[in-house]
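K.L.:
Sharing a model that was predicted from the sequence below.
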Amino acid sequence: MSLGLLLLATASGLSAVMAFAWLLQRRTGQSGWIDATWSFAIGAAGAFLALAPLDGGAPGARQVFVAAFAVAGAARLGLHIIARSINAGEDPRYFELAVEWGADFPWRLFWFLQIQAGCAFLLSLAVFLAARNPVAFPAPTDIAGAVILVSAIAGEAWSDAMLARFRATRGPGRSVCMEGPWAWSRHPNYFFQWLNWAGFAVVAIDFSGAWPQGWLAMLAPAFMYWLLAHVSGVPPLEKHMLASRGDAFRAYQARVNVFFPGPQKRL
């Protein structure tokens with residue numbers, strides 16, 4: 001398979017999958033399925049790009065290593081979103097879009113999800129660049145990347161578990177979770193999701209100069225930070241939390257970092 005055909009097949013597949021996610025949302029009225037589908041799609045696209053035989057040979061150890069992490073991270077997140085969505089109401093971010101777009105919501109959502117397919121394609125290219133690094137495996141960057149990727153998947157799972165436990169057990173006076181990683185970052189799940197892409201970038205980098213293309217993988221964590229911290233993650237969620245939690249969330253904002261974990265501020 002040629003590189004051009006591989007990339008075209010990946011982009012077309014992602015577009016089709018997000019069209020399916022749109023149909024699923026229209027059938028169920030639940031936008032949580034969109035994020036789950038997007039997560040699974042990135043994992044599948046990343047594994048496909050990592051393992052597809054460009055030279056006709058069997059996948060190498062690094063290709064399998066990278067594909068396994070792409071699938072593991074995407075599957076964990078996707079399954080978590082499904083479990084959370086089954087008994088939950090509408091995602092507040094998509095609810096805001098429905099209110100803003102009004103009668104145009106269905107078709108504007110369709111094109112919005114096609115943009116998400118493009119974002120997924122950009123991110124999956126980082127997996128491709130990591131998997132195709134030609135230096136001998138394992139390199140020091142592979143080891144460092146593996147540590148980062150394991151930490152990212154485990155940290156995101158920890159964040160989600162602590163928030164789920166808080167929601168199940170909170171009392172009337174505990175309206176904002178500050179347990180575990182939520183005491184260090186207001187959005188630790190987003191931080192660990194960003195860290196996941198930093199891990200793929202580290203694997204892609206080659207300091208010897210044999211794989212200069214690998215540096216392009218740095219675009220993935222840069223893009224994901226911009227997306228999560230400034231566009232579709234933190235801003236709409238914090239707007240919702242301020243509306244629903246009021247002064248308790250304002251106090252939380254004053255004490256805890258918004259994205260990158262750190263010690264609480266003294267007031």
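P.N.:
That came through fine.

K.L.:
what domains does the record give for the protein?
P.N.:
Taking automatic domain parsing as the reference, the chain has its domains at 1-132, 137-267.

K.L.:
Could you work out the end-to-end span of the longest one for me?
P.N.:
Right, the one you point to is domain 1-132. This stretch, domain 1-132, spans 15 Å end to end (C-alpha to C-alpha, to the nearest Å).

K.L.:
Give me the buried positions along the helix or strand residue 154 falls within.
P.N.:
Using DSSP states H and E, residue 154 maps to helix 140-169. Going by neighbour count (16 or more other C-beta atoms under 10 Å), the buried part of helix 140-169 is 141-142, 145-146, 148-149, 152-153, 155-157, 159-160, 162-163, 166. Placement of C-beta: from N, CA and C, glycine included.

K.L.:
which helices and strands does that helix pack with?
P.N.:
With contacts taken as 3 or more C-beta pairs under 8 Å, 6 or more residues apart in numbering; DSSP states H and E, helix 140-169 sits against helix 61-86, helix 188-204.

K.L.:
Quick one: list the elements packing against the longest one.
P.N.:
If I follow you right, that is helix 61-86. Counting by 3+ C-beta pairs under 8 Å, 6+ apart, helix 61-86 packs on helix 32-51, helix 105-131, helix 140-169, helix 188-204.

K.L.:
which stretch among those helices comes nearest residue 61?
P.N.:
Minimum separation from residue 61 across those (C-beta to C-beta) falls at helix 140-169, 9.2 Å.

K.L.:
Specify the angle between the closest one and helix 105-131 in degrees.
P.N.:
Helix 140-169 runs at 140 degrees relative to helix 105-131, counting by axes from the mean of the first three to the mean of the last three C-alpha atoms, to 10 degrees.

K.L.:
starting at the chain centroid, how far to helix 140-169?
P.N.:
Offset of helix 140-169 from its chain centre (C-alpha atoms, centre = their mean, to the nearest Å): 12 Å.

K.L.:
and residue 18, what is it in contact with?
P.N.:
37, 38, 41, 113, 114, 116, 117, 120 (C-beta atoms under 8 Å, 6 or more residues apart in numbering).

K.L.:
Buried subset of the residues you listed, written for ChimeraX?
P.N.:
Selecting only the buried entries of the contacts of residue 18 in ChimeraX, with 16+ other C-beta under 10 Å as the criterion:
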select :37,38,41,113,116,117,120
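
K.L.:
Reformat the contacts of residue 18 as JSON lines; add distance to residue 128 and pLDDT.
P.N.:
Formatted as JSON lines, the contacts of residue 18 follow (distance: C-beta to C-beta, whole Å; pLDDT from 0 to 100):
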{"residue": "37", "distance to residue 128": "21", "pLDDT": "94"}
{"residue": "38", "distance to residue 128": "18", "pLDDT": "95"}
{"residue": "41", "distance to residue 128": "15", "pLDDT": "97"}
{"residue": "113", "distance to residue 128": "22", "pLDDT": "95"}
{"residue": "114", "distance to residue 128": "21", "pLDDT": "96"}
{"residue": "116", "distance to residue 128": "19", "pLDDT": "95"}
{"residue": "117", "distance to residue 128": "16", "pLDDT": "96"}
{"residue": "120", "distance to residue 128": "13", "pLDDT": "96"}
